[in-house]
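Enquirer: Kindly return the folded structure for what I paste below:
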Amino acid sequence: MRLYSLSVLYKGDPKVHLLKAAYDVSTFNFFQRSSVQEFMTFTSQLIVERSEPGSRASVKEQEYLCHVYVRNDGLAGVVIADTEYPQRVCFTLLDKVLDEFSRQVSRIDWPSGSPATISYAALDGYLSRYQVWPPRT
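Expert: Below is the predicted model:
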């Protein structure tokens with residue numbers, strides 16, 4: 001059971017854009033890593049774009065399960081995991097990350113933010129802590 005990606009996005013009026021993301025592509029061949037990461041970014045944006053505000057969903061894409069939560073304020077989170085990873089844990093993680101992100105990053109920055117301009121360092125820690133289920137202590 002593995003997590004591959006944890007992303008925070010903003011579902012704006014014209015389009016969805018990535019605010020911050022963490023990836024674990026270490027299990028992939030070195031030459032595949034960048035294309036796998038691009039696939040995960042694109043898929044995350046596409047799923048948020050197709051999701052309604054205030055909704056949660058799990059979508060199967062190839063051999064992955066993408067868990068998405070779009071809040072009513074437009075802030076969205078996506079976890080990409082293997083099919084064996086517990087769905088309940090993914091949504092609990094998304095709740096925690098989005099609540100913390102909204103407290104640390106001003107809402108004014110969401111519509112114009114990008115991974116380079118948003119300062120939120122906790123994603124990598126969450127991704128590694130929840131990497132294997134049950135989590136390591």
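Enquirer: Please report the distance of S7 from F30.
Expert: 23 Å (Cβ to Cβ, to the nearest Å). C-beta coordinates here come from the backbone N, C-alpha and C atoms, glycine included.
Enquirer: ok, residues contacting stretch 44-57?
Expert: 5, 7, 9, 11, 15-18, 21, 59, 61, 66-74, 76, 78, 80, 91 (Cβ atoms under 8 Å, 6 or more residues apart in numbering).
Enquirer: coming back round to it: which one's more surrounded, S7 and F30?
Expert: Here S7 and F30 are compared on neighbour count by other Cβ atoms under 10 Å; more neighbours surround S7, at 28 against 8.
Enquirer: before we move on, the earlier item: may I see the ChimeraX selection of the buried members of the contacts of stretch 44-57?
Expert: Selecting just the buried residues from those in ChimeraX takes one command, with 16 or more other Cβ atoms under 10 Å as the test:
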select :5,7,9,11,16,17,18,21,59,66,67,68,69,70,71,74,76,78,80,91
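Enquirer: Show me what counts as buried in stretch 27-40.
Expert: Along stretch 27-40, these residues count as buried under the neighbour rule (16+ other Cβ under 10 Å): 36-37, 39-40.
Enquirer: repeat for stretch 112-129
Expert: Residues 113, 118, 122-123, 126-127 are the ones in stretch 112-129 that count as buried (16+ other Cβ under 10 Å).
Enquirer: now, which of the residues you listed lie within helices?
Expert: Among these, DSSP state H puts 122-123, 126-127 in helices.
Enquirer: All set, thanks.
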